[in-house]
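K.L.:
what would the 3D arrangement of this be:
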Amino acid sequence: MSETKKIAVFGEHEPKTLAQLEDVAGRAERAALMADGHLGYVMPIGGVAAYRDQVSVVGVGFDIACGNAAIRTDLTLTPDLLGQLPALADEIQDVVSFGIGRKNRSGDAPVDHLLFESASWDAVPANARAALRDTARAQLGTVGSGNHYVDVFADENGAIWIGVHFGSRGFGYTIASGFLALSQGAQWGARVPERESLLPLAMPMGQDYWALMSLAGEYAYAGREGVARKVVSILGGRETELVHNHHNFAWREQHDGESVIVVRKGATPAFPGQKGFVGGSMGDDAVIVQGIDAPGTPVEALQREAMFSTVHGAGRVMSRTEAAGKRNRRSGKVLKPGVVSPRMMEDWVREKGVILRGGGLDESPHVYRRLPDVLAAQKGTIEVLHTLRPLIVVMAGPDLFDPYKD
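P.N.:
Below is the predicted model:
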């Protein structure tokens, strides 16, 4: 870990990522970068920044309240369950909605959640409120695309876990883009450049954003828990433990005796004793971690520098275009070949024994760091409670791969 007056950096990073963090630190009271960090919009992914009574719209990001949830079930990995995995993967893919803009197909989605009656909806401009609420209701419990997923794992004792990763979907995106526009003097819904917007929480715009960001957090929690519990029911199990965290969000916290607004963009809260679920990739293990409780030690000093945060995943080392290449959207013609081939991805997940449904080359394990390396770079500020081996990975995408088929 390296450090300047206001910046703490865990792990090794590219110069552009570090420059982006330094730019953020120039406006923040303090900043930190986790070991899975990489370049983002204005603020790097893996970045943490503390402000005095201000919140950064682009710091929280467009996928407000993106995060991870993991449920431990009462099931164990038996030969019988192993034989059912391909059919269970098909059912998960069929029942849960994946992809951009999709609507929930499940009849028991939590669309009547009390969050839809919250007074915070009044912070949405009146002419956009009904449409946004309808979109949010339709998308609650859908997973989205990109690196969002539903996984089935077995831990070191054979216990079956369900893990999910996604955020507040179109609801959060609309809030973020709406306030980004308002902060630049444009109308709600206008397209504006992605640049820093620090909203004072003492002003009406900051208060409205905070209310809707918090509502998006409640929405994301409801969606992730709804999907994870749906998959538990598909497997025929019961929930015995829930680990749930946002990693794109802002919190009011106490640090070194001062109340500050802490923005985490791709970083998991990890206070002493606090558990978190951190994913690897479609072909790597995930982990359940916990913040170390070590008062008065050098480890606690590192935790304070990290603002009691840790990694949210393994961290990309390759852009989507670099990995998958570039194609003409209409003709499908390859304009630029990617670094990762279908064979490379299939060989990796086959060796791991993962049943993959969906997923693209831009999400291949080759585009990520190895999770044990980034965990080690957090310098003992967290401990691993469980190591989760992926059995089923379901993501958006047309590709289907099953290692148990020829």
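
K.L.:
from now on I want contacts and neighbour counts done on CA atoms only, so please keep to that.
P.N.:
Will do.

K.L.:
just for the stretch 101-250 of the chain, where's the confidence low?
P.N.:
In the predicted model, the stretch 101-250 of the chain carries pLDDT under 70 at residues 101-109.

K.L.:
show me where it has its helices.
P.N.:
Assigned by DSSP state H, counting those that start in this stretch, the stretch 101-250 of the chain shows helices spanning 126-139, 169-183, 204-235.

K.L.:
quick one: buried residues of the shortest one?
P.N.:
Translated: helix 126-139. Neighbour-count burial for helix 126-139 flags L132, R133, T135, A136, R137, A138, Q139 (criterion: 16 or more other C-alpha atoms under 10 Å).

K.L.:
where's the most centrally placed residue in the chain relative to E12, distance?
P.N.:
Closest to where the C-alpha atoms of the chain average out (C-alpha atoms, centre = their mean) is G67, at 3.8 Å. As judged by C-alpha to C-alpha, to the nearest Å, G67 and E12 stand 24 Å apart.

K.L.:
still on that earlier bit, and the gap between the residue nearest to the centre of the chain and K265?
P.N.:
Distance of G67 to K265, given as C-alpha to C-alpha: 10 Å.

K.L.:
common neighbours of the two, please.
P.N.:
Here G67 and K265 have H247, N248 as joint contacts, going by C-alpha atoms under 8 Å, 6 or more residues apart in numbering.

K.L.:
next, the contact list for the closest residue in space to A176 that isn't next to it in sequence, please.
P.N.:
Leaving aside its chain neighbours, A176 sits nearest to F62 (5.2 Å; criterion: C-alpha to C-alpha, 6 or more residues apart in numbering). By C-alpha under 8 Å, 6+ apart, the contact list for F62 reads G172, Y173, T174, I175, A176, S177.

K.L.:
likewise for R320?
P.N.:
If you count contacts by C-alpha under 8 Å, 6+ apart, R320 has them with D362, E363.

K.L.:
tell me the pLDDT at it?
P.N.:
At R320, the predicted lDDT confidence score is 79.

K.L.:
may I have the phi/psi pair for it?
P.N.:
Phi and psi for R320, reported as degrees, to the nearest 10, are phi -60, psi -40.

K.L.:
so how far is N147 from it?
P.N.:
10 Å.

K.L.:
ok, Y209 next?
P.N.:
26 Å.

K.L.:
which one of those two is surrounded by more residues?
P.N.:
A side-by-side neighbour count of Y209 and N147, using other C-alpha atoms under 10 Å, places Y209 first with 24 against 17.

K.L.:
ok, that one to P390 distance?
P.N.:
Following C-alpha to C-alpha, the distance that separates Y209 from P390 is 37 Å.

K.L.:
please apply the same query to H148.
P.N.:
15 Å.

K.L.:
now the strands for the stretch 51-200 of the chain?
P.N.:
54-56, 67-76, 149-154, 159-166, 198-200 (DSSP state E, counting those that start in this stretch).

K.L.:
could I get those strands as CSV with distance to S341?
P.N.:
CSV is the format used below for the strands of the stretch 51-200 of the chain (distance: least, C-alpha to C-alpha, whole Å):
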stretch, distance to S341
strand 54-56, 38
strand 67-76, 28
strand 149-154, 21
strand 159-166, 25
strand 198-200, 42
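
K.L.:
K333 is nearest to which of the helices of the stretch 101-250 of the chain?
P.N.:
Nearest to K333 among these is helix 169-183 (30.0 Å), distances taken as C-alpha to C-alpha.

K.L.:
what helices or strands is that closest one leaning on?
P.N.:
With contacts defined as 3 or more C-alpha pairs under 8 Å, 6 or more residues apart in numbering; DSSP states H and E, helix 169-183 has these neighbours: helix 57-60, helix 126-139, helix 204-235.

K.L.:
any idea of the angle the longest strand seen in the chain forms with strand 149-154?
P.N.:
Across the chain, the longest stretch assigned as strand under DSSP state E is strand 382-395. Counting by axes from the mean of the first three to the mean of the last three C-alpha atoms, to 10 degrees, strand 382-395 lies at 120 degrees to strand 149-154.

K.L.:
partner strands of strand 382-395, with direction?
P.N.:
Note on strand 382-395: by DSSP bridges, its sheet partners are strand 149-154 (antiparallel), strand 286-291 (antiparallel), strand 355-357 (parallel).

K.L.:
just send the ones you listed back as CSV, with distance to G276 and mean neighbour count too.
P.N.:
Formatted as CSV, the strands paired with strand 382-395 follow (distance: least, C-alpha to C-alpha, whole Å; neighbours: other C-alpha atoms under 10 Å):
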stretch, distance to G276, mean neighbour count
strand 149-154, 15, 25
strand 286-291, 5, 22
strand 355-357, 24, 26
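
K.L.:
I'd like these as a markdown table, with distance to A220 appended.
P.N.:
Shown next, in a markdown table, are the strands paired with strand 382-395 (distance: least, C-alpha to C-alpha, whole Å):
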| stretch | distance to A220 |
| --- | --- |
| strand 149-154 | 14 |
| strand 286-291 | 20 |
| strand 355-357 | 23 |
